[in-house]
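A.B. asks: For reference, the sequence and a predicted model appear below.
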Amino acid sequence: MGLRNLWLLLLIGTFLGPLVTCDDPEDHLHEDHPPGRGHWSYTDVTEWDKAYPACGEKEQSPINVDTRDTRFDPTLKPIEVSGYDVSPEESLKLKNNGHTVVLQLPDSLEIVGGLTNTYRAAQLHFHWGSQSSPGSEHTVNGQKFPGEIHVVHYSSSFQSLDEAVTQPGGLAVLAAFIQKGPEENKDYQHLLTHLEEVKEAGESTEIPGFDIRGLLPQQLDRYYRYNGSLTTPPCYQTVNWTIFNQTIFLSEDQLDILEDTIHHDHDHILQENFREPQSLNGRLVLSSFRPPVSGRKAPEQAPAPSASAPDSANGPSDRSGEGAPRADNQTFSTGDMLAIIFGVLFAVTALAFFIYFRQNRKKNLRSSDKKSNVIYKAATAEDNMA
C-alpha cells in the first residue's frame, strides 16, 4: 500500500470514526470492549473502577433498602406506562450479550406518570443467581431474591439513549424482584421459551411482540425511589431508580430456565450476574407508601399467579406490620387480662366445688352412722295391708 493511500485511509477514519455509534442500546450499557478499555466480568467487580472511574464514585447502584431509614414522600405518584402491549405482528430483538439476556424495546413504550418527565423505553434485562445462591442486585432489609428485572428508559428530553446515558437524570429504570412460586407465569413464558435460541454469547433472535406490562407487578403505586447508577460498567451515575415493593412469581421450572440456559464465554453457564449492594453515602431513599411504624418489612410477596387481589403482583399480599402500633409487646394486653380473669373464676369455682363436696361427704357419713343402728325388720302381711 502506498504512502498516499495510507494517509487517505487515516483521513477517512478520522472523519468517520466519531460517526460510528452503537446500534444496540444494551451493548452501550453492558459494553465488553469500550475504546481503550479492557473486558469486564462479574469475577473482577472490585477492579471495575480501574478501567471505568465512575464505578468507584459515591452514588453507585445497587443498594440495600433499609425500610426503617426510608422517607415517605406523598408527592410520589403511581407509575403509569403507555404502549407496553406490543402487537404480535411486531418483532422484538432478544440477545445474549455475554452478561445477561436483553430484550430491545421500541421507544413507543413510555413511562408517562410517577416521574417528573416522560421516559421512553430502550430495553429490559435480567439478573439472576443459581440454585444455591439468590441473584437479585438490590436487597431489602438485607434480603436477596432469586432474580430481578430491569426495564431501562431514557428521558424524552434527549434524542437517544446514547445521549441520555451520560446526563444526570437521563435514565429511569423500573426494577422488580423475582422469586419462586407454585405456578407457571404465563407472561414470562412468552420470553423464556426463546432463551434456547440465544444460548451462546453473541446470539440473537427475533420474537413476536407481547404485553410487556405483564412482566411488571400488577400494582405500580408502591415503590422505593433513589438516585443511583448503572449496575454494570461504565457505571454512569445518571439513573433514577424505581424499585417496586411487590415481587413477581415464576415457577421452579421457569427459574431453572433463567438460571441454567444462558452461556457466557467458553461455553460456561452464566449465573450470579449481579453486583453486590453499594454504600448509600448519605443518599436518601424515598417511599411512595407509608412504611410500618415499627420493625422491618420486606417487599410484599404475591402468593400465586392464579389468585387475584389489588394489593399484590399476582394475588393478595400480607400487610401485617402497617398502621397503628400493635399491642403484642405491652405488659398486659387484652388477651392477658381475660386469661387472668378466667383463671381466677376457675380457681374460685373449683374451691367452692371442693367445699361443697366436703360438706356433703360429712353429712353422708353422719347419716350412715344413724342407719347402722337401726335393726332391719321384714314387713308382714298385716303391715302391707295397712
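C.D. replies: All right, it came through fine.
A.B. asks: now the end-to-end length of stretch 92-108.
C.D. replies: With Cα to Cα, to the nearest Å as the measure, the ends of stretch 92-108 fall 13 Å from one another.
A.B. asks: Report the buried residues of it.
C.D. replies: Residues of stretch 92-108 classed as buried by neighbour count (16 or more other Cβ atoms under 10 Å): 92-105, 107. All C-beta spots, glycine's among them, are computed from the backbone N, C-alpha and C.
A.B. asks: Stretch 52-62 too?
C.D. replies: Of the residues in stretch 52-62, those buried (16+ other Cβ under 10 Å) are 52, 54-55, 59-62.
A.B. asks: State the pair within these that is farthest apart.
C.D. replies: Tyr52 and Pro62 (16.3 Å; Cβ to Cβ).
A.B. asks: Run through this protein and note the low-pLDDT ranges.
C.D. replies: Counting by pLDDT under 70, the chain contains low-confidence residues at 1-38, 266, 291-344, 346-350, 352-386.
A.B. asks: Run through the helices of it in chain order.
C.D. replies: Along the chain, the segments classed as helices by DSSP state H run 3-16, 25-29, 48-51, 161-164, 186-192, 252-260, 334-372, 381-385.
A.B. asks: which one's the longest strand in the chain?
C.D. replies: strand 239-251 (DSSP state E).
A.B. asks: Tell me what angle it forms with helix 252-260.
C.D. replies: With axes from the mean of the first three to the mean of the last three Cα atoms, to 10 degrees defining the directions, strand 239-251 sits at 130 degrees from helix 252-260.
A.B. asks: List the buried residues in strand 239-251.
C.D. replies: Neighbour-count burial for strand 239-251 flags 239-251 (criterion: 16+ other Cβ under 10 Å).
A.B. asks: Return the member of the residues you listed nearest to Glu259.
C.D. replies: The closest of these, once distances to Glu259 are taken by Cβ to Cβ, is Leu250, at 10.3 Å.
A.B. asks: distance of the spatially closest residue to that closest one that is not a sequence neighbour from Asp162?
C.D. replies: Leaving aside its sequence neighbours, Leu250 sits nearest to Asn185 (Cβ to Cβ, 6 or more residues apart in numbering; 5.0 Å). Applying Cβ to Cβ, to the nearest Å, the value for Asn185 to Asp162 is 33 Å.
A.B. asks: In terms of neighbours, single out the busier of those two.
C.D. replies: Legend: neighbour count by other Cβ atoms under 10 Å for Asn185 and Asp162, higher for Asn185 (22 against 15).
A.B. asks: Using CSV, list the CA coordinates for the longest strand of the chain.
C.D. replies: Coordinates of each C-alpha in strand 239-251 appear next as CSV, following Å, rounded to 0.1, in the frame of the first residue of the first chain:
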residue,chain,number,x,y,z
VAL,A,239,-30.2,6.7,36.9
ASN,A,240,-33.5,7.5,38.6
TRP,A,241,-34.3,4.1,40.2
THR,A,242,-37.8,2.8,41.0
ILE,A,243,-37.9,-0.4,43.0
PHE,A,244,-41.4,-1.9,43.3
ASN,A,245,-42.4,-3.2,46.7
GLN,A,246,-44.2,-6.3,45.2
THR,A,247,-42.5,-9.4,43.9
ILE,A,248,-43.1,-11.4,40.8
PHE,A,249,-43.6,-15.2,40.9
LEU,A,250,-42.0,-17.7,38.4
SER,A,251,-42.4,-21.4,38.8
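A.B. asks: Check which helices and strands that strand is in contact with.
C.D. replies: Judged by 3 or more Cβ pairs under 8 Å, 6 or more residues apart in numbering; DSSP states H and E, strand 239-251 is in contact with strand 171-181, strand 223-228.
A.B. asks: want to throw these into TSV with mean neighbour count?
C.D. replies: Below are these laid out as TSV (neighbours: other Cβ atoms under 10 Å):
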stretch	mean neighbour count
strand 171-181	24
strand 223-228	22
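A.B. asks: quick one: which of these is nearest Gln189?
C.D. replies: The nearest among those, by Cβ to Cβ, is strand 171-181 at 12.9 Å.
A.B. asks: Okay, now the sheet partners of the closest one, with direction.
C.D. replies: strand 147-155 (antiparallel), strand 239-251 (parallel) (DSSP bridges).
A.B. asks: what angle separates the last one from strand 223-228?
C.D. replies: This points to strand 239-251. Using the same axes, to 10 degrees: strand 239-251 against strand 223-228 is 130 degrees.
A.B. asks: Enumerate the positions of stretch 185-194 that are buried.
C.D. replies: Buried residues in stretch 185-194 (16+ other Cβ under 10 Å): 185, 187-192, 194.
A.B. asks: now what about it, what contacts it?
C.D. replies: For stretch 185-194, contacts defined as Cβ atoms under 8 Å, 6 or more residues apart in numbering pick out 94, 103, 205, 207-208, 210-211, 214-215, 248-251, 254, 257-258, 305, 314.
A.B. asks: sorry, back to before: between the buried residues of strand 239-251, which is nearest Glu272?
C.D. replies: Leu250 (17.2 Å).
A.B. asks: Hmm, that closest one is touching Asp256, no?
C.D. replies: No - using Cβ atoms under 8 Å, Leu250 is not in contact with Asp256; the gap is 9.4 Å.
A.B. asks: Take the helices and strands packed on strand 239-251 and write them to JSON lines, including distance to Val151.
C.D. replies: Shown next, in JSON lines, are the helices and strands packed on strand 239-251 (distance: least, Cβ to Cβ, whole Å):
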{"stretch": "strand 171-181", "distance to Val151": "4"}
{"stretch": "strand 223-228", "distance to Val151": "13"}
